[in-house]
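In: A structural model of the following input is requested.
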Amino acid sequence: MIEFVSLQSSDMSNVGDMSVQEKYASSSICFGCGPANLKGLRIRSFRSEDGLIMEFDTLPEHQAFPGMVNGGIIGTLLDCHGNWAAAIAIMDRDGLDEPPCTVTASYTVNLRRPTPSDSKLVIRARAVDKSKWDDRIKIEMTLEADGILCAEGKGLFVAVKEGHPAFHRWS
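Out: The predicted structure is shown next:
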């Protein structure tokens, strides 16, 4: 039986399991995914069969208008979750002990329908091109509320090298 852990966002996890963010970037201050940013979204992503999955409960301040989630919040959820799916996919592909620090090169979000703020959001991300480039990977993302697709996105994420301003952001 799966039990849910509740923080600002309540995400899928077995009690005691750490999200990929908590395991590999506990001191990150990223607004979307940084465990150390107490005012951020603090998403928690977990491995799934073909990528990562997360759940998120919105707060009243995440609304665009009464009862509906702001598109910028949706974009942030997809961007950060997709970025982590890329980092984990590169780590697995290359047999690394920890994921490389990745950044977003580009991403698009299609808001398919208004996203209700009173529903648990389920976001999935999976790599769709793991081999084309060594330092980058393409990811597809979906966001559902009550089993209904509300948003989807695609992104290109790049593993950064020493000297890049984000290189040590997870450590």
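In: pLDDT score for Ser6?
Out: Here, the pLDDT recorded for Ser6 equals 32.
In: Identify the residue nearest the geometric centre of this protein.
Out: Computing the C-alpha centroid of the chain and ranking residues by CA atoms, centre = their mean puts His81 first, at 1.1 Å.
In: correct me, but that residue touches Thr142?
Out: No: taking contacts as CB atoms under 8 Å, His81 lies outside contact range of Thr142: 10.0 Å. All C-beta atoms are positioned from the backbone trio N, CA, C, and that covers glycine.
In: so what sits against both of the two?
Out: Overlap between the contact sets of His81 and Thr142, as judged by CB atoms under 8 Å, 6 or more residues apart in numbering, is given by Ile123, Ala125.
In: Leu156 versus Gly82, what's the distance?
Out: Per CB to CB, to the nearest Å, Gly82 is found 9 Å from Leu156.
In: how much space between Gly51 and Thr142?
Out: 10 Å.
In: between the two, what contacts are shared?
Out: Where contact means CB under 8 Å, 6+ apart, the residues bridging Gly51 and Thr142 through contact with each are Arg124, Ala125.
In: Compare those two (neighbour count), which wins?
Out: Neighbour count, other CB atoms under 10 Å: between Gly51 and Thr142, Gly51 has more, with 22 against 16.
In: Skip the chain neighbours and tell me the closest residue to that one.
Out: Ranked by CB to CB, 6 or more residues apart in numbering and with sequence neighbours excluded, the top spatial neighbour of Gly51 is Arg126, at 3.2 Å.
In: got it, and His168?
Out: Once its chain neighbours are removed from consideration, His168 has its nearest residue in Cys101; the separation is 7.3 Å (CB to CB, 6+ apart).
In: can I assume the residue nearest to the centre of the chain sits in a strand?
Out: No: under the criterion used here (DSSP: H, G, I helix; E, B strand; the rest coil), His81 is helix, not part of a strand.
In: Roughly how far does it sit from Arg124?
Out: With distances defined as CB to CB, the gap from His81 to Arg124 amounts to 8 Å.
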